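1. quick one: sequence plus predicted model below, questions after.
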Amino acid sequence: MESVKQQIELILQKAIKDLTGLEIVPKLSHPSNQRHGDYSTNVAMILFKDKGLRIKDKKYATILKLAEAIVEKLNNSSLIINHCSQIEVWPPGFINFWLSRNYLITLMIYIIRVKEEYGKSERLGNKKILVEFAHPNTHKEFHIGHLRNIILGESICRLLEANGANVNRVNYQGDVGLHVAKALFGLLRLCHADQTQPDWASQILKNKILKRVQDDNSYQKAKFLGKAYTSGSKSYEEEKSAKAKIIVLNKKIYSKDPSILPLWGKTRQWSLDYFDSIYKRVGTQFKRLYFESEVYEAGKKIVLSHVDDGIFEKSDNAIIFDGEKFGLHKRVFITKEGNTTYEGKEMGLGHLQYKEFPFDEVLHIVGPEQAGYFRVVFKALDQIDAVFKNKEKHLSYGFVQLKQGKMSSRMGNVVSGEWLLDEAKLRIRKEFKKMDEETSEKVAVGSVKYSMLKFARESNIQFSFEDSISLEGNSGPYLQYAYARTQSVVRKSEILNSKFETNSNDQNTKLKNYKFEPEEVLLLRSLNRFQEVVMESAETFAPNLLCNYLFDLSQKFNLFYQKHKILESENRELRLALTMAVGQVIKNGLYLLGISASERM
RNA sequence: GCCCCUGUAGCUUAACGGAUAGAGCAACUCUCUUCUAAAGAGUAGGUUGUGGGUUCGAUUCCCGCCAGGGGCGCCA
């Protein structure tokens, strides 16, 4: 179903052309106040000002006169007559449209019939989009910043899919580099191993502390690694000799030195197993896990092969890309130690990704601190191969900041993602003792997800458990609860044997003759907006718009529910149908946020 | 020093250049014999950091200033 908004826009465009001979693409928007109708356009004011109509044509002496002339033209269209019950002109020159009851009821029945299809469109025309997100580094903690990333990434993927894109989810993880060297060095300290022994790494593997961790669950293993990383980082910063040793260790990791390969492999796997359990818990599945360890050699080769043609250059024994030629800045791609940096690795990654998933676009969902880095890296990729031009995109999102102090895994004060999910669940179980295990997990994950998605993507989240993970008001559980209410009504109606049949003509004619309550009309009008919100959220990668919409819809439903009886009412058919349609839209919307809706709570 | 981002009610925040700046927490009043009160109704709370400019119209765009955050060659 094409949205009624687009249809009206087209007719409006044609009407304006007929009337004035001017080509303009008019846009309808939703008035913030319901009083001004379902759609509104400022096109008359734009025509008047930008196109200089007042000078050209004296017929339209004022904006209002022009707007009235446009409305008169619109009233010749049968689509307008069928879909709109009223069009008004409002100072200083808005044209406001009201959708007709007939259209709204038809839409409601359509929603009930097509179920999870409502909201989907083909507007992205099977565009191949690679979405790269999550990127936790092995040997480090999976903190709430990663959690925001993965929650955001998953929702964006679902929104793009709902708009017809062909999406592949991938994850790129740092399993080599200085942070790994720091973690392994920290491990050495935590296990009190003797670093003077050439085979210290294999000694650690037999160490009893490590053996004990080996028997722990994956969360405990990950926590242990996190502790090692923090310890190693401190040594790196505070002890000169430790720093030198870590640098040597790093070089050994890059050269796949057999003396540390087994330890590296084992601890790396600990991290990956742990990450896997989180992906499962939040409902994300990656098509492909990329690792820095598999791209750094290719990256190095690519960089070196483009020194002669001048794309990269030698400087102070390192290989750099001179972004200053493009108004950017210089960056090191290969260090003087011969290690491939993050930048250099990306050259290998880009080519590998394009080979495996020939994409129209790749979205890197990464924090804002890397904006400058990505600009340089993308420019370098462009220079090497024009195929990357305008396809690589950095989708930035804000930090998750602790109210008191900064979160840093280097300093060891991080809130882990797992802890947050568990804590949310604990509180839910405490408050709602009768709730079963499965539902409380859904509600916990939903509350955490919603709390991260309701903010604008780019804004930082000031995190504190009390404020952030709310279970009431504008929260995940509020939406889930509204959905559970709709389903409760539907269940009761089945017991009373008063099912709503979408193909019953009697019923449908009856619906159109009802006298509507204001709360019912507001709900009907709101249902229409869903398809547009899904489009807009995908277009601007902004799940928060969908959150706002769903919260608003749920509020309207709760008000309706409070004020009116559904099943014991003369308007039972309408109200039941409305309840079903609202439930369906909330469910579809929650799915796009990555939140599952429970039938009961 | 240069570059980028942010500043809205006590707190957390929303608002394609639109109409009376909209919510949620927290505070204070009310509403369960009812299809789930995890809800609903109401009261109070704002010079949208600040000073200019563009516009019929600015939280939104432009410039200055103030405050906070991030980045700027061997980390990722």
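-> Now that the structure is in, tell me what you want to look at. Numbers count the residues shown, from 1 in each chain, chains lettered A, B, ... in the order given.
2. give me the residue from chain A nearest RNA strand B.
-> A:G473 (2.2 Å; Cβ to the nearest atom of the strand). Any C-beta I mention is one placed from the backbone N, CA and C, and that applies to glycine too.
3. pretty sure that residue is in a helix, no?
-> No: A:G473 is assigned coil when assessed by DSSP: H, G, I helix; E, B strand; the rest coil, not a helix.
4. near RNA strand B, which residues of the stretch 301-450 of chain A are found?
-> Proximity of the stretch 301-450 of chain A to RNA strand B, by Cβ under 7 Å from any atom of the strand, involves residues A:315-318, A:320, A:329-332, A:335-337, A:339, A:341-343, A:368-373, A:399, A:406, A:428, A:431-432, A:435, A:443.
5. from A:A44, how far out is the residue of chain A closest to RNA strand B?
-> 39 Å (Cβ to Cβ, to the nearest Å).
6. and A:E441, by the same measure?
-> For A:E441 relative to A:A44 (Cβ to Cβ), the value is 53 Å.
7. what of A:A542?
-> Taking Cβ to Cβ, one finds A:A542 at 29 Å from A:A44.
8. more neighbours: which of those two?
-> A:A44 (27 against 21; other Cβ atoms under 10 Å).
9. contact partners for that one?
-> When contacts are counted by Cβ atoms under 8 Å, 6 or more residues apart in numbering, A:A44 touches A:63-64, A:66-67, A:70, A:89, A:93-95.
10. out of the residues you listed, who's near RNA strand B?
-> A:93-94.
11. what are the phi and psi values at A:T284?
-> phi -120, psi 140 (degrees, to the nearest 10).
12. that one reaches A:R169, doesn't it?
-> Yes: between A:T284 and A:R169 there is a contact under Cβ atoms under 8 Å: 6.8 Å.
13. between the two, what contacts are shared?
-> In contact with both A:T284 and A:R169: A:153-154, using Cβ under 8 Å, 6+ apart.
14. coming back round to it: from the residues of the stretch 301-450 of chain A next to RNA strand B, keep the buried residues only.
-> Buried members of those, scored by 16 or more other Cβ atoms under 10 Å, are A:318, A:320, A:331-332, A:339, A:341-343, A:373, A:399, A:428, A:435, A:443.
15. and A:E441, that one's in a helix?
-> Yes: using three-state DSSP, the secondary structure at A:E441 is a helix.
16. hmm, A:K425 and it touching each other?
-> Yes: between A:E441 and A:K425 there is a contact under Cβ under 8 Å: 6.3 Å.
17. list the contacts for the residue nearest the centre of chain A?
-> Chain A has A:L152 as the residue nearest its centroid, 3.0 Å off, counting by Cα atoms, centre = their mean. Residues near A:L152 by Cβ under 8 Å, 6+ apart: A:133, A:365, A:397, A:452-453, A:457, A:543.
18. same thing but 10 Å
-> With contact taken as Cβ atoms under 10 Å, 6 or more residues apart in numbering, A:L152 is in contact with A:133, A:365, A:395, A:397-398, A:449, A:452-453, A:455, A:457, A:541-544, A:594.
19. ok, then the element right after the helix or strand hosting A:K355?
-> Using DSSP states H and E, A:K355 sits within helix A:342-356. Per DSSP H and E, the first helix or strand lying C-terminal to helix A:342-356 is strand A:361-366.
20. could you list the alpha-carbon positions for that following strand in CSV?
-> Extracted C-alpha coordinates of strand A:361-366, given in CSV (Å, rounded to 0.1, in the frame of the first residue of the first chain):
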residue,chain,number,x,y,z
GLU,A,361,26.8,1.1,0.6
VAL,A,362,28.6,0.1,3.8
LEU,A,363,27.7,1.6,7.1
HIS,A,364,30.3,1.6,9.9
ILE,A,365,28.5,2.2,13.1
VAL,A,366,31.2,3.6,15.3
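21. now the strands for chain A?
-> Ranges of strands in chain A, per DSSP state E, are A:39-41, A:84-90, A:94-99, A:128-132, A:166-173, A:288-291, A:312-315, A:318-322, A:330-334, A:361-366, A:392-396, A:400-402, A:461-463.
22. so for A:R148, which of those strands sits nearest?
-> Among those, the nearest to A:R148 by Cβ to Cβ is strand A:400-402 (5.3 Å).
23. and that closest one, what does it pack against?
-> helix A:144-162, strand A:461-463 (3 or more Cβ pairs under 10 Å, 6 or more residues apart in numbering; DSSP states H and E).
24. what's in contact with that strand?
-> Residues contacting strand A:400-402 (Cβ under 10 Å, 6+ apart): A:143-149, A:367, A:407-408, A:413-415, A:420, A:452, A:455, A:460-464, A:468.
25. swap the cut-off to 7 Å and go again
-> A:144-145, A:148, A:407, A:415, A:460-463 (Cβ atoms under 7 Å, 6 or more residues apart in numbering).
26. nearest residue to A:P477 other than its sequence neighbours?
-> Counting by Cβ to Cβ, 6 or more residues apart in numbering, the nearest residue to A:P477 once its immediate chain neighbours are dropped is A:L471, at 4.8 Å.
27. contacting residues for the one you found?
-> By Cβ under 7 Å, 6+ apart, the neighbours of A:L471 are A:428, A:447, A:477.
28. wait, the first one touches A:S440, no?
-> Spelled out, that is A:I428. Yes: if you go by Cβ atoms under 7 Å, A:I428 and A:S440 touch, sitting 5.0 Å apart.
29. how about stretch A:577-591: buried residues?
-> Neighbour-count burial for stretch A:577-591 [16+ other Cβ under 10 Å]: A:577-591.
30. I meant to write stretch A:260-273 there.
-> Per 16+ other Cβ under 10 Å, stretch A:260-273 contains these buried residues: A:260, A:263-264, A:267-268, A:270-272.
31. how about stretch A:434-452?
-> Counting neighbours by 16+ other Cβ under 10 Å, stretch A:434-452 gives A:435, A:439-452 as buried.
32. of those, which pair is most distant in space?
-> Every pair of the buried residues of stretch A:434-452 checked by Cβ to Cβ; the farthest is A:M435 and A:M452, at 22.3 Å.
33. any low-confidence regions in the stretch 301-450 of chain A?
-> A:403-406, A:411-412 (pLDDT under 70).
34. scratch that, the stretch 1-150 of chain A
-> A:1-2, A:50-59.
35. close to RNA strand B: what parts of it are there?
-> Residues of the stretch 1-150 of chain A lying near RNA strand B (Cβ under 7 Å from any atom of the strand): A:27, A:29, A:31-33, A:35-37, A:40, A:42, A:45-46, A:49, A:90, A:92-94, A:96, A:137.
36. rerun at 10 Å
-> A:26-33, A:35-37, A:39-46, A:48-50, A:63, A:88-97, A:135-138, A:140 (Cβ under 10 Å from any atom of the strand).
37. got the contact list for stretch A:475-489?
-> With Cβ under 7 Å, 6+ apart, stretch A:475-489 has contacts from A:443, A:446-447, A:449-451, A:471-472, A:550-551, A:554, A:557-558, A:561, A:566-567, A:579, A:582-583, A:586-587, A:590, A:595, A:597-601.
38. return the distance of it from the chain's centre.
-> 22 Å (Cα atoms, centre = their mean, to the nearest Å).
39. number of nearby residues for A:E88?
-> If we define neighbours as other Cβ under 10 Å, then A:E88 has 15 of them.
40. pretty sure it sits against A:N96.
-> Yes: at 5.0 Å, A:E88 counts as touching A:N96 under the criterion of Cβ under 7 Å.
41. can you select the buried ones among the contacts of strand A:400-402 for me in PyMOL?
-> This is the PyMOL syntax for the buried subset of the contacts of strand A:400-402, where burial follows 16+ other Cβ under 10 Å:
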select buried, chain A and resi 144+145+148+407+415+461+463
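42. the contacts of strand A:400-402: which two are farthest apart?
-> A:V415 and A:N460 (14.8 Å).
43. show me which residues of the stretch 501-601 of chain A sit near RNA strand B.
-> A:519, A:536, A:540, A:542, A:544-545, A:547-549, A:551-552, A:554-569, A:572, A:575-576, A:579, A:598-601.
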